[in-house]
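Colleague: next input, structure requested:
(chains A, B, C and D)
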Protein chains: 4
Amino acid sequence: MVIVMNPNAAEEEIDQVMKSIRSLHFDVYRSKDRYRALLGIIGQPGEDLCSILEAMPSVEKIVPVSQPFMLASRDFKNEKTTFEVGGVEIGGEKIVIISGPCAVEGRESYLQTAEAVKQGGADILRGGAYKPRTSPYSFQGLEEEGLKILAEARERTGLPIITEVMDQHSVELVARYTDIVQVGARNMQNFKLLKELGQLDKPVLLKRGMSATIEEWLMAAEYLLSNGNYRVILCERGIRTFETYTRNTLDLSAVPVAKELSHLPVFVDPSHSTGRWKLVPYMSLAAVAAGADGLMVEVHTSPKEALCDGPQSLIPEKFLQMIAPLRGVAQTIGRTL
Amino acid sequence: MVIVMNPNAAEEEIDQVMKSIRSLHFDVYRSKDRYRALLGIIGQPGEDLCSILEAMPSVEKIVPVSQPFMLASRDFKNEKTTFEVGGVEIGGEKIVIISGPCAVEGRESYLQTAEAVKQGGADILRGGAYKPRTSPYSFQGLEEEGLKILAEARERTGLPIITEVMDQHSVELVARYTDIVQVGARNMQNFKLLKELGQLDKPVLLKRGMSATIEEWLMAAEYLLSNGNYRVILCERGIRTFETYTRNTLDLSAVPVAKELSHLPVFVDPSHSTGRWKLVPYMSLAAVAAGADGLMVEVHTSPKEALCDGPQSLIPEKFLQMIAPLRGVAQTIGRTL
Amino acid sequence: MVIVMNPNAAEEEIDQVMKSIRSLHFDVYRSKDRYRALLGIIGQPGEDLCSILEAMPSVEKIVPVSQPFMLASRDFKNEKTTFEVGGVEIGGEKIVIISGPCAVEGRESYLQTAEAVKQGGADILRGGAYKPRTSPYSFQGLEEEGLKILAEARERTGLPIITEVMDQHSVELVARYTDIVQVGARNMQNFKLLKELGQLDKPVLLKRGMSATIEEWLMAAEYLLSNGNYRVILCERGIRTFETYTRNTLDLSAVPVAKELSHLPVFVDPSHSTGRWKLVPYMSLAAVAAGADGLMVEVHTSPKEALCDGPQSLIPEKFLQMIAPLRGVAQTIGRTL
Amino acid sequence: MVIVMNPNAAEEEIDQVMKSIRSLHFDVYRSKDRYRALLGIIGQPGEDLCSILEAMPSVEKIVPVSQPFMLASRDFKNEKTTFEVGGVEIGGEKIVIISGPCAVEGRESYLQTAEAVKQGGADILRGGAYKPRTSPYSFQGLEEEGLKILAEARERTGLPIITEVMDQHSVELVARYTDIVQVGARNMQNFKLLKELGQLDKPVLLKRGMSATIEEWLMAAEYLLSNGNYRVILCERGIRTFETYTRNTLDLSAVPVAKELSHLPVFVDPSHSTGRWKLVPYMSLAAVAAGADGLMVEVHTSPKEALCDGPQSLIPEKFLQMIAPLRGVAQTIGRTL
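Modeller: Purely as a prediction, here's the structure:
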């Protein structure tokens, strides 16, 4: 249950409401959105508490919520969340294409790819400056140099950029450069990082963890929302199963499920999930057909020389070829691209 | 490696070829297609054996195969397999819709549903007369009575029928009634049953096992092909993962993968995989977008009263509603429906 | 809920009880054990039905059961099931060792291995005459010839034998030779086969399916019990997970769980689960420590030449070496070996 | 391949060796242990490079390594790693028992539990001051207050303590109080955190991630070793599978596998893996039988009131009862407890 406070409720009034809740032995969690304080009551309070709260003038409304992720749920907010980043609307009618190489590997190659994917119809540029790698001996990213290249690409193409933040120490630095902050699958339950990003004034794209249930994914989003950041994009990127032909198993059912349970936009990453570029066009089409609000597609001008995840990267030409059928599928289901 | 024999090779000639192979210490497996004998050589024979075999007049050609599933592979046969059942082309340009309730529960209700799904555009009728149930205390199917109802529905609608065979003892009986024999997920590695069905003159729809890799699924198909039955449909129906919101996890990447590795048509069952009717239209669209050659969709006129799998069954109205967008997606990718 | 009938209840009396149950709209499933009829009521009947039934003289007792597997549950029968096969007590204080090669590959080699494992302390001989193989091109077993070799080994060693039945057609043949019938992991939900084996007068060892939950495994056992066969051994053999270093993931927690939920004896197969002989002694010790009532260990005199599963087979010497520590662990937890 | 430098090699000499390696187009990663510089060569260099390096006086030896985790491998260091923490030997003959509640919930209750587990034979005290929780609304730990209580418990009992560090910002604070730093399953691939802990002068217990392969787990350990911290304990705590009866599936095979591949000590957490206190004694015995070097067992004086993970906590009495059979199993396999 969420208590939505009046936007002009005073601190003492909020305190008073919290005291009333606690006096009936319920825990309460204070949160906020852009306009007002929100009080989440843990557990299922009865009629008595509701009557008391409804009578308080500082309370705007009481929203019963059946899911453990309160603020991320459709119960709390039924209309889809949309927001705008660098001129691109997220969660709207148009399906958003994020594209670029896995990692920023150098200035020339990145700028070249950025131009190519812009031509192809990309709305947002991606590229990792900090790379989470299984081995300490693998390429770990260009770090701030990479961020600068991303910023230059933004300037040249006019497209907003997204890049991953891997750790708390670099949140401030990454946020200084990027338009959207990405949280990788391995960090989906790095709760301290999520809390910090919840307090940041930047949208966050939250990848689903490799072994996270849909509910755990929405609970991770709740860490962002309950700390005040409502501009959250969910991104399905494959779960770990016994199948070894693909890198992971893309769980496309998670798209309509997450959209039914939550008001947040849901994107799909067909590159990391499959690990094979040949599958990317098929799974991109399928993702849009399943209702995805956006795609995150890896493109590299020479995948064989990529320092990271070459086998799953499309060459720009293949990326371009898949845009027309994607547009056809989008139109069929009443969307644009 | 597969040795394709001349259609008019005599038995002694075939024996002679097999002896030559064995004399170089390779195992050989004798198989056939509709026209001629096929000899599968186990292992990777060298130039010497190839030279000997090429010189034999009874040998039509030698096909090198890199996959363990020889006859099911694209190496062996590059063009897609298509065949016709009761006037319906399987594996062709048109996407095939199989529809009907999970189980045949009674004459009236089945005939009513059959008419409804025909109106909706179904090409083939489904319905289980023998049901594999986790509990011995659950409804186990109407058995032969169910088969008779299916046959009556075929007569009335003009649509061919598909039903599951659960065991060897009923192969003959089921085959007498049905147009396509279905092998359920739990029987995907019931190798003795597969061998019998390989010798049957009926097409077989082979569901992927819940924990089967794509390779194991194609190896199961190989049991059918190597026993002489080439009219095989692969059907993805979800794999078992840790996610509990859906009944299984529909692995749509398996569609383009299976089609890349094999010439066999690939269908998708969005009903059993998700276990929730609300997800069926989304995953049907996604399946077609991913390249599926057909769909197997459960429809029930009153899902709440279903004796089996009600929660995943669409009512006929919802089934009808999804046909138009399905057609749109099919056209976008150059197919029909 | 299970209604235990009096051993001398007449058919009409049983019919009368079933009618009374159905008159209150409950389904009832008629089963039996060695002594009397058992009536399983599906669902949770209330006080009214219980009162009626308790008043009927043909009813011996009413056993409330909270699990869907009624007859396999501890609710129905609290004391552990024990039985004797060829002089070996199953489910008793002594931990039972089943040993031998994966497949019977030839008379000489089998008899030699049989002698060796008998020396090592094996209680029961194993060996497959029918082998379920992923590929149709792999060795499929010696079939009846293999059964004869097993029978000869029994005669020579005095040890009872266990072998797998793969299909319905060979149930009778296999049962004629073997002392215990094994159902493999791939057949755990071959319900028609289970029903036939439920009517057989031979103990059955039921392996857990690769992707079966513990509940599904016990429900499969229920197919055997509800058809009248109570001499059932459960055998954990590893489940399918994302880990690739081992062939499967041995789920040893399933041992105490299955023993808590069910009265049936629980064995462990450390060979198939790990797929690596080096791990077999460790996992055998762990299985006994976790409470397993028996082990099924593959031993082969020359694993490198094995036609099937060589890498997981111990040589007899290694098998012998692990017996002493196994005995130590058994004694520590109050058992013998 | 690892180049072990002479302990007294000068910086210029090390530089010279690195230059030689790079001149043949190999990447080299500089690391160290307590005594000298270590140079890990990425890839498989040939005879030519080895000859050059062997001739250099600053090179002590060249160690060929077949695994991607170089420093953690048995190739690099064959003898088991042992070290001492607060008077307790880790990785030695004696099996080490870590015990205490999941979270530090209050001073009185913690000190009481600490005394109880010490009586029971615990060697090290555990307790979370920072708790990673799926929900932002769940108890998140007492933070520094919890660390102070842990320190007080150490003083009173004389036992060293272990507690989890969840984020980079609190590394310094946690390290000031604790004897061993724990990295939780969700942070196993928090690579930035691992790098920091690699530079810390405290032993680290690294839990296996819920969906991490054994190789990925050892690669995570490699992040610690390659940054200079060799006092690493691996801890298996269950992996995520489809089975829902237990919280996770304890993968005990991982114990002998990790010990075969690596020289690092391997512990087992039977509490988090099973999620059920009734299973803890069985799985503790099994873990020791499988070769675990230590156990991490949750004990709570009143599990029903626990703020975190009550259902998996033993009461002190049950903890005491399992020590004697544990000792028996340990002795059977030549160890002590």
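Colleague: dihedrals phi and psi, A:Arg247?
Modeller: Comment: the main-chain dihedrals of A:Arg247 come out as phi -60, psi -50, following degrees, to the nearest 10.
Colleague: make sure it is actually in contact with A:Gly275.
Modeller: Yes. With contacts counted by CB atoms under 8 Å, A:Arg247 reaches A:Gly275, the gap being 2.6 Å. From N, CA and C alone the C-beta is placed, and that goes for glycine too.
Colleague: tell me the mean pLDDT for the lengthiest helix in chain A?
Modeller: With DSSP state H setting the assignment, residue counts place helix A:316-332 as the longest helix in chain A. The predicted model assigns helix A:316-332 a mean pLDDT of 96.
Colleague: ok, and what's touching it?
Modeller: Defining contact as CB atoms under 8 Å, 6 or more residues apart in numbering or on different chains, one finds that helix A:316-332 is touched by A:95, A:97, A:99, A:113, A:116-117, A:119-121, A:277, A:280-281, A:284-285, A:288-289, A:295, A:297, A:299, A:301, A:314, A:336-337, B:285, B:289, B:325, B:328-329, B:331-333.
Colleague: same deal with stretch A:144-154?
Modeller: A:86, A:103-104, A:106-107, A:110-111, A:114, A:125, A:127-130, A:142, A:159-161, A:163, A:173-174, A:176-179.
Colleague: point out where the stretch 51-200 of chain A drops to low pLDDT.
Modeller: Residues of the stretch 51-200 of chain A meeting the criterion pLDDT under 70: none.
Colleague: so which residues of it form helices?
Modeller: Under the criterion DSSP state H, counting those that start in this stretch, helices of the stretch 51-200 of chain A are mapped to A:107-120, A:144-157, A:171-177, A:191-198.
Colleague: tell me which of those sits nearest to D:Met70.
Modeller: Distances from D:Met70 to each of the helices of the stretch 51-200 of chain A were compared using CB to CB; the minimum, 26.7 Å, belongs to helix A:144-157.
Colleague: next up, the contacts around the residue in the stretch 1-150 of chain A positioned nearest to chain B.
Modeller: Taking CB to the nearest CB as the measure, the point where the stretch 1-150 of chain A comes nearest chain B is A:Gln67, at 11.7 Å. With contact taken as CB under 8 Å, 6+ apart, A:Gln67 is in contact with A:73, A:75, A:218, A:261.
Colleague: swap the cut-off to 6 Å and go again
Modeller: Each residue near A:Gln67 by CB atoms under 6 Å, 6 or more residues apart in numbering or on different chains is listed here: A:Ser73.
Colleague: A:Ile21 versus that one, what's the distance?
Modeller: As judged by CB to CB, to the nearest Å, A:Gln67 and A:Ile21 stand 19 Å apart.
Colleague: same deal with A:Tyr35?
Modeller: Going from A:Tyr35 to A:Ile21 by CB to CB gives 21 Å.
Colleague: show me which of these two is the more surrounded one.
Modeller: For A:Tyr35 against A:Ile21, the residue with the higher neighbour count under other CB atoms under 10 Å in any protein chain shown is A:Ile21, and the figures read 22 against 12.
Colleague: can you say which helix or strand has the more buried one in it?
Modeller: For A:Ile21, the element it lies in under DSSP states H and E is helix A:11-23.
Colleague: could I get the buried residue list for that helix?
Modeller: Within helix A:11-23, the residues that qualify as buried are A:13-14, A:17-18, A:20-21, counting by 16 or more other CB atoms under 10 Å in any protein chain shown.
Colleague: for stretch A:167-175, same thing?
Modeller: Within stretch A:167-175, the residues scored as buried using 16+ other CB under 10 Å are A:167-168, A:170-171, A:174-175.
Colleague: and if you look at stretch A:236-256?
Modeller: Under 16+ other CB under 10 Å, the buried positions of stretch A:236-256 are A:236-243, A:245-256.
Colleague: same check, this time on stretch A:315-325
Modeller: Going through stretch A:315-325 with 16+ other CB under 10 Å, the ones that come out buried are A:315-316, A:318-320, A:322-323, A:325.
Colleague: nearest to chain B, of these?
Modeller: Relative to chain B, the closest of those is A:Pro325; by CB to the nearest CB it sits at 5.5 Å.
Colleague: break chain A into its domains for me.
Modeller: The record assigns chain A these domain ranges, following automatic domain parsing: A:2-63, A:83-332.
Colleague: so who does A:Asp293 touch?
Modeller: With CB under 6 Å, 6+ apart, A:Asp293 has these contacts: A:91, A:265-266.
Colleague: please report phi then psi for the residue lying closest to it once chain neighbours are set aside.
Modeller: Nearest residue to A:Asp293, sequence neighbours excluded (CB to CB, 6 or more residues apart in numbering or on different chains): A:Pro265, at 4.1 Å. Dihedral angles phi and psi of A:Pro265 (degrees, to the nearest 10) take the values phi -70, psi 150.
Colleague: what parts of chain A come near chain B?
Modeller: A:213-214, A:241, A:243, A:245-246, A:249-253, A:256-257, A:274, A:279, A:282, A:285-286, A:289-291, A:325, A:328-329, A:332-333 (CB under 6 Å from any CB of the partner chain).
Colleague: try it again at 8 Å.
Modeller: A:211, A:213-215, A:239, A:241-246, A:249-257, A:260, A:273-274, A:278-279, A:282-283, A:285-291, A:325, A:328-329, A:331-333 (CB under 8 Å from any CB of the partner chain).
Colleague: which intervals of the stretch 201-337 of chain A have sub-threshold pLDDT?
Modeller: Applying pLDDT under 70 to the stretch 201-337 of chain A flags no residue at all.
Colleague: show me which residues of it sit near chain C.
Modeller: Taking CB under 8 Å from any CB as the criterion, the neighbours of chain C within the stretch 201-337 of chain A are A:240-242, A:244.
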